[in-house]
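**Q** fold the following, please.
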Amino acid sequence: METGGATTRAATAMRTVKLAELVFAVALLGALYALSRTNYLLFHGIAEVFSSVVAFAIFALAWNSRHMVDNDYLLFIGMGYLFVAGVDLVHMLAYRGMGVFPGQSANLATQLWIVARYLEAFALLLAPLFLRRRARTLVVLPAFALATGLALASIFAWHIFPACFVDGVGLTAFKKVSEYIISAMLLAAIVELLRRRNQLDRRVLQLIVASIAITIGSEMSFTLYVDPYGFFNMLGHFLKIASFYLVYKAIIETGLEKPYDLLFRNLKESEQVLKTQREELEAYAHTVSHDLQGSLTVIRGYADTALQARAIGREDLVDTSLVEILHTEERMRRFIRSLLDYASAGHRQGEAVEVPVHSVLDDVLTELEADMRKRNIRIETQPDLPALRVDPIKLKQVLYNLVGNSVRYIGEQATPTLNIRAESDGNWATFCISDNGLGIDPDVLAKVFQPFMRGTKEGQGIGVGLSTVKRAVEGWGGKVWAESVKGEGSSFHFTAPLA
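**A** Model (predicted):
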């Protein structure tokens with residue numbers, strides 16, 4: 001009861017904190033709105049300083065933790081935001097009314113705004129590429145510095161940067177088009193993040209995506225104002241504050257409070273992978289020990305029987321024992337072959353080439369012909385199976401194990417049938433190998449691709465065939481799944497890239 005009470009108090013405290021944060025945020029936004037109505041220049045300065053401080057903090061966190069993480073998504077964003085923060089501060093100082101750059105119109109601040117937003121969009125767009133690769137700081141940092149330096153030089157020294165605002169007229173076409181381009185880049189950044197969503201903590205992903213979406217809203221707002229002190233300019237800055245607050249929540253707050261969700265996520269995943277691999281290794285050792293010792297015991301038993309039968313002149317028993325020894329040896333051979341296939345399926349994929357599926361399938365059916373004839377299985381194959389671009393060795397492993405699995409569990413139906421078909425969708429094909437066999441129990445179906453999950457019939461399979469399929473299919477970027485109704489049959493599906 002004490003534990004339950006502590007949990008309840010913790011949940012209540014968390015809700016209280018969130019409510020307090022919400023009340024504070026609403027009060028702060030109200031105060032900022034009131035300030036924008038009385039002293040817009042001060043409001044603008046606070047908005048820009050806030051975003052610059054957050055950007056500098058992201059850089060500091062990313063830079064000082066760069067040696068402790070195994071992906072450079074945060075580092076790349078941090079290096080980009082370092083220069084975004086710098087340009088935003090200059091933009092603030094150049095704002096009309098600040099008096100830092102005498103004689104300058106609103107065009108200067110607007111030009112600097114566009115430079116900062118292009119830098120931010122590029123950083124967010126390219127950062128997902130570094131979720132699984134390293135960012136070379138000696139290349140990335142100078143590249144951002146060079147791009148920023150050239151942009152500032154084109155404004156302050158060479159005076160060739162396109163005009164963005166004309167007093168008495170408003171925004172130029174270049175500025176509006178730039179905002180649309182920046183928004184498109186930010187939208188592409190969201191798409192890339194969602195494509196790689198498994199590589200980020202869910203909460204961090206949601207906050208970053210929300211931040212980018214609000215930034216797009218901010219950019220759209222900045223295409224509508226005529227006066228730098230007008231409503232849409234104010235709205236754009238409010239949205240900018242909100243977007244940087246969400247980035248703060250996603251990166252700085254999460255990085256400090258829950259570093260394993262952000263900085264050490266891949267390490268956390270690696271620990272889970274190692275745990276899974278250890279469990280697989282234990283199952284592997286148990287299976288190998290059990291099966292090989294069992295087979296050796298059988299061989300030893302029949303060998304003893306053969307020796308005793310020969311001593312008493314029972315040649316028929318000698319022949320029977322030798323046949324059983326050969327059968328057991330063949331089963332051991334299949335067992336070892338399956339283990340080798342399972343191990344090789346986890347290795348790096350071989351060269352992906354165009355593979356005519358029919359030719360590979362014909363080889364598989366030839367190898368399984370004796371078993372299919374013994375069970376009187378009818379094969380129905382779609383005549384126009386598409387060609388794939390995969391490793392042909394891995395494809396044969398997949399087809400051999402899926403077809404062999406169906407053959408093994410087809411049952412004793414009057415007309416056992418195995419159906420092989422495929423559908424194409426864009427650049428991928430989905431294959432289905434179905435049968436009208438025994439089907440799979442629901443509790444077994446949920447774990448059917450786990451290694452060393454055996455079938456229900458004694459002596460049928462060693463439990464690595466379907467896990468071999470999963471390894472091979474995921475190796476070329478596909479998916480595999482199973483559907484089954486007990487007593488009616490099963491179907492196994494996998495996807496593969498088209499040639």
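
**Q** what ranges does the stretch 101-250 of the chain have for its strands?
**A** Listed in chain order, the strands found in the stretch 101-250 of the chain under DSSP state E, counting those that start in this stretch are 165-166, 170-171.

**Q** outside of the first one, which residues touch it?
**A** Judged by Cβ atoms under 8 Å, 6 or more residues apart in numbering, the contacts made with strand 165-166 from elsewhere in the structure are 105, 106, 107, 109, 110, 171, 172, 175, 228. Bear in mind the C-beta positions are built from the backbone N, C-alpha and C, glycine included.

**Q** what's the answer for the last one, then?
**A** When contacts are defined by Cβ under 8 Å, 6+ apart, strand 170-171 is touched by residues 110, 164, 165, 223, 225, 226, 227.

**Q** filter the residues you listed down to the ones in helices?
**A** residue 110 (DSSP state H).

**Q** quick one: the residue nearest to the spatial centre of the chain from residue 128, how far?
**A** Nearest to the centroid of the C-alpha atoms of the chain, with distances taken as Cα atoms, centre = their mean, sits residue 198, at 3.4 Å. Look at residue 198 and residue 128: by Cβ to Cβ, to the nearest Å, they are 12 Å apart.

**Q** hang on, residue 487 in a helix?
**A** No - read with DSSP: H, G, I helix; E, B strand; the rest coil, residue 487 is coil and lies in no helix.

**Q** count the neighbours of the closest residue to it other than its chain neighbours for me.
**A** In this structure, residue 487 finds its nearest non-sequential neighbour in residue 439, 5.2 Å apart by Cβ to Cβ, 6 or more residues apart in numbering. Counted with other Cβ atoms under 10 Å, residues neighbouring residue 439 total 19.

**Q** redo the contacts of strand 165-166 as JSON lines? Include distance to residue 447.
**A** Conversion of the contacts of strand 165-166 to JSON lines gives the following (distance: Cβ to Cβ, whole Å):
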{"residue": "105", "distance to residue 447": "69"}
{"residue": "106", "distance to residue 447": "65"}
{"residue": "107", "distance to residue 447": "66"}
{"residue": "109", "distance to residue 447": "62"}
{"residue": "110", "distance to residue 447": "60"}
{"residue": "171", "distance to residue 447": "60"}
{"residue": "172", "distance to residue 447": "63"}
{"residue": "175", "distance to residue 447": "58"}
{"residue": "228", "distance to residue 447": "63"}
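
**Q** switch these over to TSV; also include neighbour count, pLDDT and distance to residue 423.
**A** Output for the contacts of strand 165-166, formatted as TSV (neighbours: other Cβ atoms under 10 Å; pLDDT from 0 to 100; distance: Cβ to Cβ, whole Å):
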residue	neighbour count	pLDDT	distance to residue 423
105	15	89	61
106	21	92	58
107	21	95	57
109	24	95	56
110	25	96	53
171	20	94	50
172	16	95	51
175	21	95	48
228	22	85	57
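
**Q** among those residues, which one sits closest to residue 418?
**A** residue 175 (64.6 Å; Cβ to Cβ).

**Q** re the thing from before, next, the residue nearest to residue 487: secondary structure please.
**A** Put simply, residue 439 is coil when judged by three-state DSSP.

**Q** how much space separates it from residue 483?
**A** The span separating residue 439 from residue 483 equals 10 Å under the rule Cβ to Cβ.

**Q** joint contacts of the two?
**A** Overlap of the contact sets of residue 439 and residue 483 (by Cβ under 8 Å, 6+ apart) consists of residue 490.

**Q** contact partners for residue 427?
**A** The neighbourhood of residue 427, defined by Cβ under 8 Å, 6+ apart, consists of 497, 498.

**Q** where does residue 122 land on pLDDT?
**A** What the model reports for residue 122 is a pLDDT of 96.

**Q** enumerate every residue touching it.
**A** 80, 147, 185.

**Q** now, those that are in helices?
**A** Using DSSP H, the subset of these located in helices is 80, 147, 185.

**Q** most neighbours, which of those?
**A** Counting neighbours by other Cβ under 10 Å, residue 80 comes out on top of the ones in helices among the contacts of residue 122 with 29 neighbours.

**Q** what about the residue lying closest to residue 81 once chain neighbours are set aside, how many residues nearby?
**A** What sits nearest to residue 81 in space, not counting adjacent residues and going by Cβ to Cβ, 6+ apart, is residue 55, at 3.9 Å. Around residue 55 there are 28 other residues, counting by other Cβ under 10 Å.
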